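Q: Got a sequence here, can you model it:
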Amino acid sequence: RMQRHDVAASLLKDRTVNSLAVRELAHALAQQGDITSALVYLDQLVDHVACQLMVEIMALALTCVVEAEKRRLHEDFFRSVEMNQALQNVIMQARAVLPTLGKYKKAVTALTLRQSKAGLTEAFNELLKSCGRAFAVPEAFCVLEWMEVLQVPKDSYTYEAIGMNTVKRVGLLRKVWDLPMAPEECEPEVVFAGRSNVGKSSLVNMLVGRTALAPTSAQPGKTKTMDFYSANSGHPTLPRFRLVDVPGLGFAKATREMRMRWIGLIGGYFVQRKTLKVVFHLLDASLSEILPADRDLWKLLAQARRSDFELCICLTKADCSLPSQMERFATQVRKALRKEGSEMAINARIFACSARSKLGKDTLWRKIWSVVSDADMAGIMPENLEGQDDRGLGEIEDTDDKQRHRPNRQGHSRPKRKELNLQL
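A: Below is the predicted model:
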């Protein structure tokens, strides 16, 4: 590495190979975990190239330090992340560098051809994977935010990386027929609810990167119990929480006794479980219709008379709908929620998602992470950049509601997002 460093430093004097020498020198320094020194030479490059190299430097530094520390400690699995000074030093350097990506916004967004941003997409994807190796999940979500600010296209590897970063272990904890059988309340819980065959189990599988964790079927009514899935159980670093898949409402082929049992189970859960943090209510965007079963679920939430958890609406199968159709359906849903009158319904956030195309996977994980983790992300998120235009978020905001400038978990007011911009 030192030989590469010396050769690259000497080549800087030759203007014909200047850019290659800068990249080689920066990579050599990054492999030593010295992000700050590697960034000194970026001013010699054009802005969009410098931006890509900055991302490469952070990714390379994180990966090399993790591998070096694993070899030094003779560990196949890195357990002492928070106590490892070498790794924490590189993570802190990355946290300090991430906000400086804003100075390249104008140059990067000016790139018109999607192919011209392919290198940036690959660099950001590698940085996401490196954050996962270092268990730096807050930094990974920050990287996603910067991809949106800089309008860097996401691909399947982007979505795969963010899922692998947030959940390292997942498994079925318990199937529950009656609420007293539910697991002990000791970890935050995230619930996926909706009518039968709306895609709850498929969405759970998509989020955790599995194909058959939650059983799915083309026939409605496959989920007949309340299924609890434990995430990161026993993991030394990542927060532990649960995903809960509940039976679908409105299944016509079930007996009346069974349907009433499911309603009692779900309604009792909303009332009693104090570890409940957020309810994702799934609506089928391809139908663009609010069914009686959906309104029944809103009634169960209102009857719970609680304000200590959130309601989020997920418009599923968004890849089968046109953006204009999604916008009209979102407006219809928002008006219906306002008629419900409860504070939870009025403040509900609406997301577009698809289990098949993975649209919205990053947005849903951002929401889940915000309620299950206490990690402080203040100072690294791209806040209030002039002309900020978030892309591919999958979140549909109410453009008529002046109250949507809500503060985030750190108390900062976030810029208002565009009503809808889907990357299908």
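
Q: Where does pLDDT dip in the protein?
A: Applying pLDDT under 70 to the chain picks out residues 1-18, 78-79, 113-115, 218-221, 251-252, 376-380, 383-424.

Q: could you point out the longest strand in it?
A: strand 276-284 (DSSP state E).

Q: elements contacting it?
A: Where contact means 3 or more C-beta pairs under 8 Å, 6 or more residues apart in numbering; DSSP states H and E, strand 276-284 is packed against strand 189-194, helix 200-208, helix 256-272, helix 292-304, strand 310-316, helix 361-372. C-beta coordinates here come from the backbone N, C-alpha and C atoms, glycine included.

Q: Buried residues in that strand, which are they?
A: The neighbour-count check on strand 276-284 (16 or more other C-beta atoms under 10 Å) flags L276, K277, V278, V279, F280, H281, L282, L283, D284 as buried.

Q: tell me the strands in the protein, going along the chain?
A: In the chain, strands defined by DSSP E lie at 170-176, 189-194, 226-231, 241-245, 276-284, 310-316, 349-352, 395-396, listed in chain order.

Q: a markdown table for those strands, including distance to A214?
A: As requested, the strands of the chain are exported to a markdown table (distance: least, C-beta to C-beta, whole Å):
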| stretch | distance to A214 |
| --- | --- |
| strand 170-176 | 8 |
| strand 189-194 | 9 |
| strand 226-231 | 7 |
| strand 241-245 | 5 |
| strand 276-284 | 13 |
| strand 310-316 | 14 |
| strand 349-352 | 19 |
| strand 395-396 | 24 |
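
Q: who wins for proximity to L150 among these?
A: Nearest to L150 among the strands of the chain is strand 395-396 (18.1 Å), distances taken as C-beta to C-beta.

Q: Tell me who's in contact with the closest residue to S373 other than its chain neighbours.
A: By the measure of C-beta to C-beta, 6 or more residues apart in numbering, the closest residue to S373 outside its immediate chain neighbours is P239, 4.6 Å from it. With contact taken as C-beta atoms under 8 Å, 6 or more residues apart in numbering, P239 is in contact with P188, N232, V372, S373, D374.

Q: Just flag the most distant two among those.
A: Maximum pairwise distance in the contacts of P239, criterion C-beta to C-beta, is 14.2 Å, between N232 and D374.

Q: Looking at the two, which one has more neighbours?
A: Shown here are N232 and D374; by other C-beta atoms under 10 Å, N232 has more neighbours (19 against 6).

Q: Quick one: residues contacting the more buried one.
A: For N232, the contact set (C-beta under 8 Å, 6+ apart) comprises V167, K168, R169, V170, L238, P239, R240, F241.

Q: Leaving out chain neighbours, which residue sits closest to it?
A: L238 (4.4 Å).

Q: Mind listing what's buried along the lengthiest helix in the chain?
A: What stands out as the longest helix in the chain, according to DSSP state H, is helix 47-73. By neighbour count, and taking 16+ other C-beta under 10 Å as the criterion, the buried residues in helix 47-73 are 47-66, 69.

Q: Packing partners of that helix?
A: Counting by 3+ C-beta pairs under 8 Å, 6+ apart, the elements that helix 47-73 packs against turn out to be helix 18-31, helix 35-38, helix 85-97, helix 105-109, helix 118-133.

Q: re the thing from before, could you list the paired strands of the longest strand of the chain along with their orientation?
A: Partners of strand 276-284 in the sheet, by DSSP bridges, are strand 189-194 (parallel), strand 310-316 (parallel).

Q: Which residues outside the first one are in contact with it?
A: Residues external to strand 189-194 that are found in contact with it (C-beta under 8 Å, 6+ apart): 200, 203-204, 228, 241-246, 248-249, 266, 269, 273, 275-283, 293-294, 297, 368, 371-372.

Q: sorry, back to before: using TSV, lay out the buried residues of strand 276-284 together with distance to A134.
A: Written out in TSV, the entries for the buried residues of strand 276-284 read as follows (distance: C-beta to C-beta, whole Å):
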residue	distance to A134
L276	31
K277	26
V278	27
V279	32
F280	29
H281	35
L282	33
L283	37
D284	39
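
Q: out of the residues you listed, who's nearest A348?
A: So of those, ranked by how close each gets to A348 (C-beta to C-beta), first place is H281, at 8.0 Å.

Q: I'd like the distance between the closest one and I266.
A: Distance of H281 to I266, computed by C-beta to C-beta, to the nearest Å: 11 Å.
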